[in-house]
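K.L.:
fold the following, please.
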Amino acid sequence: MTQQETREKRDAGPETIEPQPQRQNPSTPVLGAPRSRRRIVLLAVVVVIAAGAYFVWRAFFASPKLPESIVALSGRIEGDYSAIAPKTSGRILEIRFREGDSVKAGEIIAVLSDEQVRAREEQARAAVSVAAARGKAARDQIAVLEQQLQQNQLQTAQSTIDADGRVRQAEGELAAAEATLAQQEASYQIASFDRDAYSKLAQTGAASERQAKQAASTAGQQEAAVAAAKRRVESARGALTTAKANLDNPIIREAQVSIVRKQIAQQQAEVASADATTEQARGQLREAQANRQDLVILAPFSGVVATRTAEPGEVVTAGTALVTLIDLGKVYLRGFVPEGQIGKVKLGQPAHVYLDSNPNQPIDAYVSRIDPQATFTPENTYFRDERVKQVVGVKLQLKGGIGFAKPGMPADGEILTQGNAWPQARRAR
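P.N.:
Residues are numbered from 1 along each chain as shown. Okay, here's the model as predicted:
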C-alpha cells in the first residue's frame, strides 16, 4: 500500500466491520433444549410418584381379601408375670439372677440372712424353759398338797377315836405348811431368776417387753405366795394349838381338808396354764424353725427374669417382690378385633400366629380369652379415624413356637372361625 492510500484511509475514520454469518457448531445445543430437559425431569418425577402410589396402594389397599372364615388381628406377644417374694422379713444375702437370665424350677433365686430367725428361736427356747419350770413347780406343789390332804383325811378319821391323833394331825398340818413354804420359796427363787433373765433379754432385744413384764408379774405372784405360805405356817401353828384345845372337834378337821382340796385345785389350774404356755412356746419355736426354711427363695417354675427390684444388703419385709418371672412356655398374642367381626370369634377356636422374624411360618394357637367389653382402638394408633373405632381385645394362647416367641415381639394372628381346615388362600405375608 502506498503512502497516499494510507493517508486517505486515516482521513476517512475507523473502518466499519460488517457482521458475518456465524457457522453453527454441531456440539452447541439448540435454542429449545432447556425446555426439553425440564419435560424429561417432570416426567421422571411423575413416574416416581406414580410408582410410590402404586406400592402404597398395593401394600395398604390391594392385599388379597381374607376368606370369610378367617378373622385377622395384630398385636404383641405377651406373658403372665409372677412376683417372687419371701415369706419372712430379713436382710438379703444374695440374689443369683438378673434381668434376662433363665431360671429352672426349683433353683435358688435369693437367700436371706438368718439373724432374726436365730433370735426368734432363742427367744422361743427360753419361753419353753420358763413355762416348763412353772409346770414342774406346780406339779411338785400338788404332790405336797395331796400328801397333806391324805394326812388330813386320815387324821380326821382318827380324830373321833384318837385324841392324840388330832394333835398329830395339827402337827402334820404344820409340817405340811412348812413344806409348802419351802416349796413356795423355791418357786419364788425360780420366778426371780426368770424375772432377771427376761429383764436382761428385753434389754438386748432377745425378748419382748411384754414377756419381761410377765416374768416380773410371776415373780411378784410367787413372792405373794411365799408370804401366804408363811401365814399358813402361822395358821397351822394356831391350828395345832386349837387341836390341842379341842381334841374332840372333827368339824375343824373337815374345814382343814376342804382348804387343802382348794389348794390342790388351784395348783392343778396352775399346771394347766403352764402346760398351755409351754405348748404355745413350742409352737413359736416350730414356727421360727420353719421360717429358717423360708430364708431360701426358690423358683416356682421355669422362666426368665423380667425385672429385679432388690439388691444384696437390703432389708425387705415379707411379701416384698425381689424379682418377677415370666413363663416363656405360656406366652400369648394380645390383639384387637373390630367390633363388627367379634361375633365370629369364640373361645377355643384354632388360630395361627405369625412372627415378624419368620412371617411365613405359622405358630399354632387358640382363642383363650375374649374381653367382655369393647373399647376404643389403643392410643398408639396414629390415625384418629382408627382410634375412634370400637374394638374387642382377644388373647391367642400359643401352643408352639416356645423359645422363639418372646414378650414384646410384634406379631399377626389369624383366627379360623368356621370348620377345622385352613383355606389355602391366606393373607399375603
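K.L.:
hey, let's count contacts and neighbours off CA atoms from now on
P.N.:
Fine.
K.L.:
what helices or strands is the longest strand belonging to the chain leaning on?
P.N.:
Taking DSSP state E as the assignment, the strand of the chain that covers the most residues is strand 358-370. Strand 358-370 sits against strand 350-355, strand 390-398, with contacts defined as 3 or more Cα pairs under 8 Å, 6 or more residues apart in numbering; DSSP states H and E.
K.L.:
next, the contact list for Gln123, please.
P.N.:
206-207 (Cα atoms under 8 Å, 6 or more residues apart in numbering).
K.L.:
so how far is the helix or strand hosting it off the chain centroid?
P.N.:
Taking DSSP states H and E as the definition, one finds Gln123 inside helix 115-159. In terms of Cα atoms, centre = their mean, to the nearest Å, the centre of helix 115-159 is set 45 Å apart from its chain centre.
K.L.:
next one: stretch 187-199
P.N.:
Offset of stretch 187-199 from its chain centre (Cα atoms, centre = their mean): 42 Å.
K.L.:
contacts for that stretch, please.
P.N.:
Contacts made with stretch 187-199 from outside it, assessed by Cα under 8 Å, 6+ apart, are listed as 130, 133, 137, 207, 211-212, 215-216, 218-219, 222-223, 226.
K.L.:
let me know the closest of the residues you listed to Val353.
P.N.:
Of all those, the one with the least separation from Val353 (Cα to Cα) is Ala207, at 61.1 Å.
K.L.:
low pLDDT regions in the stretch 151-300 of the chain?
P.N.:
When the per-residue scores of the stretch 151-300 of the chain are filtered using pLDDT under 70, the ranges that remain are 153-166, 246-253, 290.
K.L.:
got the angle for the longest strand of the chain vs strand 350-355?
P.N.:
Here strand 358-370 runs at an angle of 130 degrees relative to strand 350-355 (axes from the mean of the first three to the mean of the last three Cα atoms, to 10 degrees).
K.L.:
please renumber so the chain begins at 647
P.N.:
Taking 647 as the first residue, the last one we looked at is strand 1004-1016.
K.L.:
quick one: average pLDDT of the following helix or strand past strand 1004-1016?
P.N.:
Beyond strand 1004-1016 on the C-terminal side, the first helix or strand identified by DSSP H and E is strand 1021-1022. Per-residue pLDDT over strand 1021-1022 has a mean of 76.
K.L.:
what pairs with strand 1021-1022, and is each one parallel or antiparallel?
P.N.:
Applying DSSP bridges, strand 1021-1022 is found paired with strand 1036-1044 (antiparallel).
K.L.:
what about Ala822, how many residues nearby?
P.N.:
The tally of other residues near Ala822 (other Cα atoms under 10 Å) stands at 21.
K.L.:
tell me the spacing between it and Ser904.
P.N.:
Distance from Ala822 to Ser904, counting by Cα to Cα, to the nearest Å: 15 Å.
K.L.:
likewise for Pro958?
P.N.:
Applying Cα to Cα, one obtains 67 Å for the distance of Pro958 from Ser904.
K.L.:
ok so, going back, how far away from the center of its chain is the helix or strand following the helix holding Gln769?
P.N.:
Towards the C-terminus, the helix or strand next in line after helix 761-805, according to DSSP H and E, is helix 809-850. Counting by Cα atoms, centre = their mean, helix 809-850 is centred 53 Å from the centre of its parent chain.
K.L.:
could you give the angle of helix 809-850 to helix 761-805?
P.N.:
Using the same axes, to 10 degrees: helix 809-850 against helix 761-805 is 170 degrees.
K.L.:
how's this structure carved up into domains?
P.N.:
Listed by automatic domain parsing, the domain ranges of the chain are 716-724+974-1062, 728-759+941-971, 761-937.
K.L.:
export these as CSV, with columns for distance to Trp1068.
P.N.:
Rendered in CSV, the data for the domains of the chain read as follows (distance: least, Cα to Cα, whole Å):
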stretch, distance to Trp1068
domain 716-724+974-1062, 7
domain 728-759+941-971, 32
domain 761-937, 55
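K.L.:
just checking, next helix/strand downstream of the one helix or strand Glu869 maps to?
P.N.:
Counting by DSSP H and E, the element that carries Glu869 is helix 855-891. Toward the C-terminal end, the helix or strand that comes next after helix 855-891 (DSSP H and E) is helix 896-939.
K.L.:
tell me where the stretch 647-796 of the chain has strands.
P.N.:
Ranges of strands in the stretch 647-796 of the chain, per DSSP state E, counting those that start in this stretch, are 716-724, 727-730, 736-741, 748-749, 754-758.
K.L.:
and the longest one, what does it pack against?
P.N.:
Just to be clear, that refers to strand 716-724. Other elements packing on strand 716-724 under the criterion 3+ Cα pairs under 8 Å, 6+ apart are strand 978-984, strand 1056-1062.
K.L.:
strand partners (parallel or antiparallel) of the last one?
P.N.:
Put plainly, it is strand 1056-1062. The sheet places strand 1056-1062 alongside strand 716-724 (antiparallel), strand 996-1001 (antiparallel), with pairing taken from DSSP bridges.
K.L.:
for Thr864, which non-adjacent residue is closest in space?
P.N.:
Ala837 (6.3 Å; Cα to Cα, 6 or more residues apart in numbering).
K.L.:
count of neighbours near that neighbour?
P.N.:
By the criterion of other Cα under 10 Å, Ala837 has 24 neighbours.
K.L.:
again with the one 3 residues further on
P.N.:
By the measure other Cα under 10 Å, the count of residues near Asp840 is 23.
K.L.:
go on, Lys846?
P.N.:
As a burial measure, Lys846 scores 14 neighbours (other Cα under 10 Å).
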